[in-house]
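> Using only what follows, build the 3D model:
(4 chains)
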Protein chains: 2
Amino acid sequence: MRRSGTHGGHPPRPRPSLPSRAQIDAAAEIFRALGDPERLRLLLRLAGSQACVSELADDEAEKLTTVSARLRVLSGVRLVSRRREAKHVFYALADEHVLQLIHNAIDHAGESRNAAAAAFNQEED
Amino acid sequence: MRRSGTHGGHPPRPRPSLPSRAQIDAAAEIFRALGDPERLRLLLRLAGSQACVSELADDEAEKLTTVSARLRVLSGVRLVSRRREAKHVFYALADEHVLQLIHNAIDHAGESRNAAAAAFNQEED
DNA sequence: CCAATATTCCAACAATCGATGGATTGTTAA
DNA sequence: TTAACAATCCATCGATTGTTGGAATATTGG
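Numbering: from 1, shown residues only, chains lettered A, B, ... in the order given. All right, here's what the predicted structure looks like:
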C-alpha cells in the first residue's frame, strides 16, 4: 500500500530547499553538543556572564578537566567563544541565538504535552 | 554592549528566570534526540509528508527495526506524533516548532564562523 | 633560568548508544 | 481459528561518550 500522495492536510509551505547532508551533519553535531544536561547547564551559566574555566569548575563543583572537556565540546561547534586573558581562558556564549535555541527546546518540552498530536490526530497515551 | 530591550521584531520575551533542573534535563533530552544525523534526516523527511514505518524504511533503505528505533527516540520526546491506521502506524512531525529548531541549528552552523567572537565585543544581528 | 598557576592533552575506564535479528504483539482477511 | 503482514519489544554487540588522574603546555612572576 503505497499512497504517499493522497492524504491532504499539509498546507503548501515554502520549502527552502532541502538541507544538504553536510548541513544536516553540522546541525546534528550542534544538537549533540547541546544534548547533555551538564553542558546545557554550563551554557546557561555562561548566559549570565562569561567566566574562566577554574571559576566555572569552582562554581559547579566539578573537576577542572571535566569542565574543560565540556567547554571543548561546546567550543568545537562554536556554541561558546574562547578568549585568553593572561593566565585565564574566558568562555562566553557565542551569541544570543544559542540561548534562543535552548529556550525553544525548553518551551517545546513544556508544551509538547498536547501540542504533539494536535495537528495530526487526537490520541491518548 | 547592547541591552535586550529595543528589538524590533521579537515578541516581549520575559526572561523566564533560570530554568529548573527538570527543564534543563528535558531540553537536553530533546537535543540528544536531535543530535543524530539519521534521526535528523528522518525528521526532515517527515517534514515533507507523514509516513508509516515501512514506507520510511523503504524510502531510506534501512531496516524496519532500525527506523522503528529511531522513531521511538523521536517520539519519546514528542518530536513526532504517532497515529495508527489499520496495520500501519503513521508518524508525522509534532509541530512546526520542530522544523524551526532544526533550521535554527542549520543556520547557526552556517554562520558560526564569525558569530563566535561577536558576542564578546560588538555583536551584530 | 625555575616555580607557580591555569588550562589543555592524553590514556584509561565505565556507561551509554545505535543497529540488528529474532520473538512477540497487534491487525486484517480468509 | 490460522495465515499474512506491520510494528514493537528484547537481548546482544560493537562503537562512542563522559569522566578522571596525571602529564604536558602556556603564561606570569621571581
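> What segments of chain A are strands?
With strands called from DSSP state E, chain A shows them at A:51-52, A:80-85, A:88-93.
> Same list, the ones you listed, but as CSV with mean neighbour count, mean pLDDT and distance to B:Ala27 please.
For glycine as for every other residue, the C-beta is placed from the backbone atoms N, C-alpha and C. Below are those laid out as CSV (neighbours: other CB atoms under 10 Å in any protein chain shown; pLDDT from 0 to 100; distance: least, CB to CB, whole Å):
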stretch, mean neighbour count, mean pLDDT, distance to B:Ala27
strand A:51-52, 18, 97, 21
strand A:80-85, 16, 95, 17
strand A:88-93, 19, 97, 15
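> Turn those strands into CSV, including distance to B:Ser81.
As requested, the strands of chain A are exported to CSV (distance: least, CB to CB, whole Å):
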stretch, distance to B:Ser81
strand A:51-52, 40
strand A:80-85, 34
strand A:88-93, 33
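> Excluding residues flanking it in the chain, which one is nearest the spatially most central residue of chain A?
In chain A, the C-alpha nearest the mean C-alpha coordinate belongs to A:Leu34, at 4.0 Å (CA atoms, centre = their mean). Residue nearest to A:Leu34 in three dimensions, not counting chain neighbours: B:Phe31, with 3.8 Å by CB to CB, 6 or more residues apart in numbering or on different chains.
> any idea how far B:Leu101 is from that neighbour?
Computed with CB to CB, to the nearest Å, the distance linking B:Phe31 and B:Leu101 is 9 Å.
> now A:Thr66
28 Å.
> Next: A:Ala94.
17 Å.
> ok, these two, which is more surrounded?
Ranked by neighbour count (other CB atoms under 10 Å in any protein chain shown), A:Ala94 and B:Leu101 place A:Ala94 first, with 26 against 23.
> just checking, the more buried one touches A:Arg83?
No: in this structure A:Ala94 lies outside contact range of A:Arg83 using CB atoms under 8 Å: 11.7 Å.
> Kindly list the main-chain dihedrals of A:Pro19?
When read as degrees, to the nearest 10, the backbone of A:Pro19 gives phi -60, psi 140.
> how about the residue lying closest to it once chain neighbours are set aside, what does it touch?
Once flanking residues are discounted, A:Pro19 sits nearest to B:Ile106: 5.5 Å by CB to CB, 6+ apart. By CB atoms under 8 Å, 6 or more residues apart in numbering or on different chains, the contact set of B:Ile106 is A:19, A:23-24, A:26-27.
> Nearest residue to A:Val102 in space, please, no chain neighbours.
Check again: residue A:102 is Ile, not Val. Once flanking residues are discounted, A:Ile102 sits nearest to B:Ala27: 6.1 Å by CB to CB, 6+ apart.
> my guess is A:Ala109 contacts B:Ala26, does it?
Yes: if you go by CB under 8 Å, A:Ala109 and B:Ala26 touch, sitting 3.7 Å apart.
> Return every residue with contacts to both of those two.
B:Val77.
> tally of neighbours for the closest residue to A:His97 other than its chain neighbours?
Setting aside the residues directly before and after it, A:His97 is nearest to B:His108 in space (CB to CB, 6+ apart), at 5.5 Å. Close neighbours of B:His108, defined as other CB under 10 Å, add up to 22.
> OK, contacts around B:His108?
By CB under 8 Å, 6+ apart, the contact set of B:His108 is A:30, A:78, A:97-98, A:101, B:115.
> What's opposite A:Ala51 in the beta bridge?
In this entry, A:Ala51 is beta-bridged to A:Tyr91, by DSSP bridges.
> Chain A against DNA strand C: which residues are in contact?
Counting by CB under 7 Å from any atom of the strand, chain A comes close to DNA strand C at A:52-55, A:64-65, A:68-69, A:71-72, A:82, A:87-89.
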